[in-house]
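Participant: coordinates only, no sequence provided:
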């Protein structure tokens, strides 16, 4: 397991000024990684909540900082907003005060996300559901604003097909572009259908919008029903047996993916000549 | 946090010294010393400043007891009406609780949940190392949907700051940034801009750059101004 007892880990999330639950997974990951004692300090910062991307630097003592975006894909935030707000100039940035930041890839594109998706799908479907009679759908937002968002999901779908050929089929579907989540029963051919939302947190999309698209709910429901949405598996809907999971990013095992991104950085991007003196 | 972490963290050493010197308040949080435990470690109770009298009692009957630093995350999430608090320095921390902690490291951890990054910011400010960024510079940097925020007028910016940052209803932080290098904030009282204007034993909450809420507010205000101007033209 990766260990940097003299460095800080900084996990970055989007956060929300509207949804109180948006940043919960990121905070939980911070607390879990602090307990592991692998870094001198572990922090998080957000675009829309405190501590903000711009506030966090004075709170960090370490001279070396690993920055891991808790984002699903490469895109506007990882390529433009985060480098601008944190004043990052490349993979490794040495600031004028001599401190150094290593910019890791977003969690969603790490290969270990594939294992997490497979495990989550298996847990939701239960041991008695034959994979050969099950369609697995990885559901994402999909938008013209960020083509990479859908690309990250298509990559995962390809990897799952290679890793677990036992599923009848593995499909991608989106809220705002074709193939649409709302068409899940036409997209999937098997009698059992497992839907895993490829989102960082259980926000409005995973516990309100997608359940409506699937037909679980008639209309976007109050936050109070969020637990019920995920706990009532399976459901009989549209002549299928439907299993619906919470957002993949809320899984406690995301801690491992965050640490894997640090290890990936060390293995692929760390420049030994740029080590702190 | 371990003793090793205490030794390695300059911010924590600074905070422990501040506590020892009588540090007793951060934002709406009161820090009450409660003697030491069997190992000689200092014990504290944190509570809403308006509950400090009750929290001094051996067993505060009307306050809910918490004992983990990360309980602060949940306590500070919503106000007394249950409304979400995206800005941790809004002056509506709920009452009715106290948090029993042992050691400066646990108190610092809890305060970092109540008021993220504020201890580190005050430490750097005291050392003259906290960089401040004028509002115009923050707005000029924005891209995407927030790019339009830069169009806010000088008068609109002053009104926006008064509306969003006022300590009684907006934010408790002391503002360290000007609107621009030659345009100070004129719409708030001088003590709002003075980090030294705090009570004895109080650590000021410092704002070294406009937050996202202000940037988002600037965008809406700039759009209203543009709409009003185009109506005036037609």
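Facilitator: Good, I have the coordinates. Please read all numbers here as calculations on a predicted model, not as lab measurements.
Participant: drop to CA atoms for contacts and neighbour counts, all remaining ones
Facilitator: Fine.
Participant: residue boundaries of the strands in chain B?
Facilitator: B:25-26, B:29-36, B:42-48, B:64-66, B:97-102, B:174-175, B:202-203, B:206-207 (DSSP state E).
Participant: for the longest one, which residues meet the burial criterion?
Facilitator: Same thing as strand B:29-36. B:29, B:30, B:31, B:32, B:33 (16 or more other C-alpha atoms under 10 Å in any protein chain shown).
Participant: what's the most distant pair in the residues you listed?
Facilitator: B:29 and B:33 (13.0 Å; C-alpha to C-alpha).
Participant: next to chain A, which bits of chain B? Give me the list.
Facilitator: B:5, B:9-11, B:77, B:84-88, B:116-121, B:124, B:130, B:208-209, B:211-213 (C-alpha under 8 Å from any C-alpha of the partner chain).
Participant: can you list the domain ranges for chain B.
Facilitator: B:3-126, B:135-233 (automatic domain parsing).
Participant: quick one: the strands in the stretch 151-277 of chain A, in order.
Facilitator: A:169-174, A:192-197, A:235-237, A:240-244 (DSSP state E, counting those that start in this stretch).
Participant: buried subset of the residues of chain B next to chain A as a PyMOL selection?
Facilitator: If you want just the buried ones from those in PyMOL, going by 16+ other C-alpha under 10 Å, the selection is:
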select buried, chain B and resi 9+10+11+77+84+85+86+87+88+116+117+118+119+120+121+124+130+208+209+211+212+213
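Participant: residue ranges with poor pLDDT in chain B?
Facilitator: In the predicted model of chain B, residues B:1-8, B:234 satisfy pLDDT under 70.
Participant: how far is the helix ranked longest in chain B from where the chain is centred?
Facilitator: Longest helix of chain B, by residue count under DSSP state H: helix B:212-233. For helix B:212-233, the separation from the chain centroid amounts to 27 Å (computed by C-alpha atoms, centre = their mean, to the nearest Å).
Participant: likewise for stretch A:150-157?
Facilitator: For stretch A:150-157, the distance to the chain centre is 12 Å (C-alpha atoms, centre = their mean).
Participant: what are the buried residues along that stretch?
Facilitator: A:150, A:151, A:152, A:153, A:154, A:156, A:157.
Participant: excluding its backbone neighbours, what's nearest the residue of the stretch 51-200 of chain A found nearest chain B?
Facilitator: Nearest residue of the stretch 51-200 of chain A to chain B, counting by C-alpha to the nearest C-alpha: residue A:59, 4.2 Å away. Among residues not flanking residue A:59 along the chain, residue B:120 sits closest, at 4.2 Å (C-alpha to C-alpha, 6 or more residues apart in numbering or on different chains).
Participant: most packed of the strands of the stretch 151-277 of chain A?
Facilitator: Most buried of those by mean neighbour count (mean count of other C-alpha atoms under 10 Å in any protein chain shown) is strand A:192-197; its value is a mean of 25.
Participant: contacts for that one?
Facilitator: A:117, A:120-121, A:124-125, A:129, A:133-140, A:206, A:240-248 (C-alpha atoms under 8 Å, 6 or more residues apart in numbering or on different chains).
Participant: report the angle between it and strand A:240-244.
Facilitator: Between strand A:192-197 and strand A:240-244, the angle comes out at 30 degrees (axes from the mean of the first three to the mean of the last three C-alpha atoms, to 10 degrees).
Participant: show me what contacts the closest residue to residue B:109 other than its chain neighbours?
Facilitator: Counting by C-alpha to C-alpha, 6+ apart, residue B:109 lies nearest to residue B:69, which is 6.0 Å off, once chain neighbours are set aside. By C-alpha under 8 Å, 6+ apart, the residues touching residue B:69 are B:99, B:101, B:106, B:107, B:109, B:110.
Participant: with neighbour count added, can I get those in a markdown table?
Facilitator: Output for the contacts of residue B:69, formatted as a markdown table (neighbours: other C-alpha atoms under 10 Å in any protein chain shown):
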| residue | neighbour count |
| --- | --- |
| B:99 | 24 |
| B:101 | 21 |
| B:106 | 20 |
| B:107 | 25 |
| B:109 | 19 |
| B:110 | 21 |
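Participant: what is the nearest of these to chain A?
Facilitator: Nearest member of the contacts of residue B:69 to chain A, counting by C-alpha to the nearest C-alpha, is residue B:109, at 10.8 Å.
Participant: please report how far that closest one lies from residue A:90.
Facilitator: In this view, residue B:109 and residue A:90 are 31 Å apart by C-alpha to C-alpha, to the nearest Å.
Participant: which residue sits closest to residue A:129, ignoring its sequence neighbours?
Facilitator: Residue A:129's closest residue in space is residue A:192 (C-alpha to C-alpha, 6+ apart), at 7.8 Å.
Participant: sort out for me which of the residues of chain B next to chain A are in helices.
Facilitator: Counting by DSSP H, those contribute B:5, B:10, B:11, B:118, B:119, B:120, B:121, B:124, B:212, B:213 to helices.
Participant: that older thread, can I get the buried residues of stretch A:150-157 in a markdown table including pLDDT?
Facilitator: Output for the buried residues of stretch A:150-157, formatted as a markdown table (pLDDT from 0 to 100):
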| residue | pLDDT |
| --- | --- |
| A:150 | 85 |
| A:151 | 87 |
| A:152 | 87 |
| A:153 | 91 |
| A:154 | 93 |
| A:156 | 93 |
| A:157 | 96 |
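Participant: for the residues you listed, which one is nearest residue A:97?
Facilitator: Nearest to residue A:97 among those, with distances taken as C-alpha to C-alpha, is residue A:152, at 36.0 Å.
Participant: show me what contacts that closest one?
Facilitator: Contacts of residue A:152 by C-alpha under 8 Å, 6+ apart are A:72, A:73, A:108, A:109.
Participant: most surrounded residue in these?
Facilitator: residue A:108 (28 neighbours; other C-alpha atoms under 10 Å in any protein chain shown).
Participant: and the nearest residue to it once chain neighbours are set aside, what element?
Facilitator: Closest residue to residue A:108 apart from its sequence neighbours, by C-alpha to C-alpha, 6+ apart: residue A:72 at 4.0 Å. Assigned by DSSP states H and E, residue A:72 falls within no helix or strand.
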